[in-house]
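Chemist: return a 3D structure for these sequence lines:
(chains A and B)
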Amino acid sequence: MDLQITSQAAGSVTVLKMVGKLDAQSAPAANDQLKALIGSGKTKVVLDLDGLTYISSAGLGILNANQAEARKAGGMIRLACVKPQVKDVFDLLKFTLLFPMFGTVQDALKDF
Amino acid sequence: MAAAVHEFKSALEELDRFRAVIDDFVSTDLGEIEKNRVILALDEAFVNVITHGYAQDQNKPIELKMDRKGDGFEFTLLDRAPLFDPLKAVSPDLAGHAESGKNHGLGIHLYTTIMKTTHSARPGGGNILTMFKAAT
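Modeler: Below is the predicted model:
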């Protein structure tokens, strides 16, 4: 499967680095990981998408569902280093408004 | 580039190869964003056939035809799934979708937004989905 996710703590925030493609094939496992993280109370999340080269509606769907869960629990998912072709998909579905985007992981962390 | 025809089985494992042949077909004529949109639109339609049309049965056929037509590209996706016209699907409420945290239901909206799409019944059973993208 063409997606690797690594996790790193940065104080009260968890930085998840996604490398590869978030599509219908990889989305279920990514969803499990995000769901488990947020379910464990770690609701402040930065997704470092510098290595994410492709996203489809299946990927956006799991991000949307987990953003809703994080917000309900008082947290939020923020995005960093989003590539133009990935941001374009967020724009097409007007999801840009739902996910704050930052140029660097550090900037995303500072905003919490 | 000459017209091309590719056959796939109805499995998500085929996604990488499916996207690669489209990338190869359009790569010299479209910019990165437009190319990604074309690949995305066809990806969405392909996944819908696998998950909904064939209900995850992995041994069904899906055919992709690609051709240059006038000032753009024409893509045709053919299956043997039950008849389904995606153009009759209700458009999603994007704001409501985001608010509710829904995780599905955006694929048809995406590909009909990106490409001029038509649907017809396939002789002998199944669907023919035709998508056109101008090479602007």
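
Chemist: can you name the residue of chain A nearest to chain B?
Modeler: For chain A and chain B, the shortest gap (Cβ to the nearest Cβ) falls at residue A:68, measuring 2.6 Å. In this view, the C-beta of every residue, glycine as well, is placed from N, C-alpha and C.

Chemist: that residue: what secondary structure?
Modeler: At residue A:68 the chain is in helix, as set by DSSP: H, G, I helix; E, B strand; the rest coil.

Chemist: tell me, how many residues neighbour it?
Modeler: 19 (other Cβ atoms under 10 Å in any protein chain shown).

Chemist: is it true that it touches residue B:97?
Modeler: No: Residue A:68 is beyond contact range of residue B:97, at 10.5 Å (criterion: Cβ atoms under 8 Å).

Chemist: now do the helix or strand bottoming out on mean pLDDT in chain B: everything it contacts.
Modeler: Least confident helix or strand, chain B: helix B:94-100 with a mean of 75, by mean pLDDT, DSSP states H and E. The contact list for helix B:94-100, computed with Cβ atoms under 8 Å, 6 or more residues apart in numbering or on different chains, reads A:64, A:68, A:93, A:94, A:95, A:97, A:98, B:105, B:106, B:109.

Chemist: go ahead and confirm the third one touches residue A:59.
Modeler: No: counting by Cβ under 8 Å, residue A:93 stays clear of residue A:59, with 11.1 Å between them.

Chemist: okay, these two: which has more neighbours?
Modeler: Neighbours were counted for residue A:93 and for residue A:59 using other Cβ under 10 Å; residue A:59 has more, 24 against 20.
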